[in-house]
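K.L.:
Need coordinates for the below:
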Amino acid sequence: MKTKSELTEIFKAFQESIKKSDSFDAGKQSLLELRKDITAIYDHIFTVCAGEDFCKMPLPKHKTIAYYLYHLTRIEDITSNMLIAGKTQVFFTGGFDKLLNSRVITTGNEIPRDELIEFSKTLNIGELQKYAAAVLANTDEIIRSMSYEVSKMKVSAERRAALIEAKCVSTDENAFWLVDYWCKKTYAGLMLMPFSRHQMVHLDNCLHIIEKIKK
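P.N.:
Have a look, this model is predicted:
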């Protein structure tokens, strides 16, 4: 796996390149390169962690690994499919709404901190691994097919309304702000956050947790 600083350099290259039509394709390649390393981090986490490791919360400002992986995957699935591609989420097409054994279909932002360990214990980690892999691969295909012109588009009012109707973002104040946050962005903005930066931040949190519990 690349170091945090190496990933940051790739992110910066991508961030600059997608702003212009003549460098947009190079920017996409930088993003896809970054996401290969993101996928490698997922693989590392699922390899080194035992069942109970996913449910531990040893750091005061961090959550659980299971929560982070669920949260990251739900957000990427929702934004890539509902807001950009205009199609059904992998969560439903792959049957993960049942297979994950999650008590919610949302992003999980609304779950109180004191309930995160119990929430994490209920998740089927094997299915979470499959769900994450399917979403990462699906998003990569959406990125590959995106043109510079399409990347400048914003989420339509119809897709925003469909997002609210689907109830995949909780109406809780800790979560519902996401609707406006996402829908004010261009598709290129969503490529920056959540397809790359969001993943980097929370996966780094997971690595810090692993370092703590494996000492």
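K.L.:
Quick one: list the elements packing against the longest helix belonging to the chain.
P.N.:
In the chain, ranked by residue count with DSSP state H as the criterion, the top helix is helix 24-48. With contacts taken as 3 or more C-beta pairs under 8 Å, 6 or more residues apart in numbering; DSSP states H and E, helix 24-48 sits against helix 4-17, helix 65-77, helix 125-145, helix 148-151, helix 197-213. No exception for glycine: its C-beta is placed from N, CA and C like everyone else's.
K.L.:
Tell me which of these sits most buried.
P.N.:
The highest mean neighbour count among these, using mean count of other C-beta atoms under 10 Å, belongs to helix 65-77: a mean of 25.
K.L.:
That one vs helix 125-145, what angle?
P.N.:
Angle between the axes of helix 65-77 and helix 125-145 is 30 degrees (criterion: axes from the mean of the first three to the mean of the last three C-alpha atoms, to 10 degrees).
K.L.:
Which elements pack onto helix 65-77?
P.N.:
Helices and strands touching helix 65-77, as assessed by 3+ C-beta pairs under 8 Å, 6+ apart, comprise helix 24-48, helix 90-93, helix 116-122, helix 125-145, helix 197-213.
K.L.:
In TSV, list those helices along with distance to Leu99 and mean pLDDT.
P.N.:
As requested, the helices and strands packed on helix 65-77 are exported to TSV (distance: least, C-beta to C-beta, whole Å; pLDDT from 0 to 100):
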stretch	distance to Leu99	mean pLDDT
helix 24-48	16	96
helix 90-93	10	98
helix 116-122	13	98
helix 125-145	4	98
helix 197-213	22	96
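K.L.:
Please produce TSV containing those helices, extended by distance to Ala166.
P.N.:
Output for the helices and strands packed on helix 65-77, formatted as TSV (distance: least, C-beta to C-beta, whole Å):
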stretch	distance to Ala166
helix 24-48	25
helix 90-93	9
helix 116-122	21
helix 125-145	16
helix 197-213	20
